[in-house]
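In: I need the structure of the sequence given here:
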Amino acid sequence: MYDFNGKLSDSNTFHADSSFTGELKIVVSIFEKNLELASIRLEPVDFLWNLPAVNQPSNYKNGQKGGIVEMFGWPYEEIEKECATLGKSGWMGVKVFPPQESVLDYEHP
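Out: Predicted structure coming up:
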């Protein structure tokens, strides 16, 4: 049995869109003959559209007002796919490996 914000459901699926605000609290329970055998309370889920960073003003004067994501080792094509979502989430930039090749030499100090 699943409990989504106090509403019981037999389905393990919860459908949400941007009209859903606040955190989603989930409890999963096992019952036998109407007796609860065990339950687990999951960490609350908050959705991207609820992040305060999405509604931040575009005024970045007087210092940095956002974070930078490190995506070292990610293929550039995958980073490009994530950029729109990261920008809407309030991230200011992405750090990646330098695009040039490098030579590692373990024989010389």
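
In: show me where pLDDT drops low in the protein?
Out: 48-66, 101-105, 108-109 (pLDDT under 70).

In: Now with 80, please.
Out: 47-67, 88-92, 98-109 (pLDDT under 80).

In: Quickly list the domain ranges of this structure.
Out: 2-41, 51-55+66-95 (automatic domain parsing).

In: Single out the most deeply packed of those domains.
Out: domain 51-55+66-95 (a mean of 12; mean count of other C-beta atoms under 10 Å). Heads up, the C-betas are built off the backbone N, CA and C, glycines and all.

In: now the domains of the chain in JSON lines, with distance to residue 106?
Out: Formatted as JSON lines, the domains of the chain follow (distance: least, C-beta to C-beta, whole Å):
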{"stretch": "domain 2-41", "distance to residue 106": "48"}
{"stretch": "domain 51-55+66-95", "distance to residue 106": "20"}
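
In: Ok, which of those domains comes nearest residue 107?
Out: domain 51-55+66-95 (25.2 Å; C-beta to C-beta).

In: Doesn't residue 69 belong to a strand?
Out: Yes - under DSSP: H, G, I helix; E, B strand; the rest coil, residue 69 sits within a strand.

In: Between its first and last residues, how far does stretch 5-16 reach?
Out: This stretch, stretch 5-16, spans 12 Å end to end (C-alpha to C-alpha, to the nearest Å).

In: Quick one: distance of that stretch to the chain centre.
Out: 20 Å (C-alpha atoms, centre = their mean, to the nearest Å).
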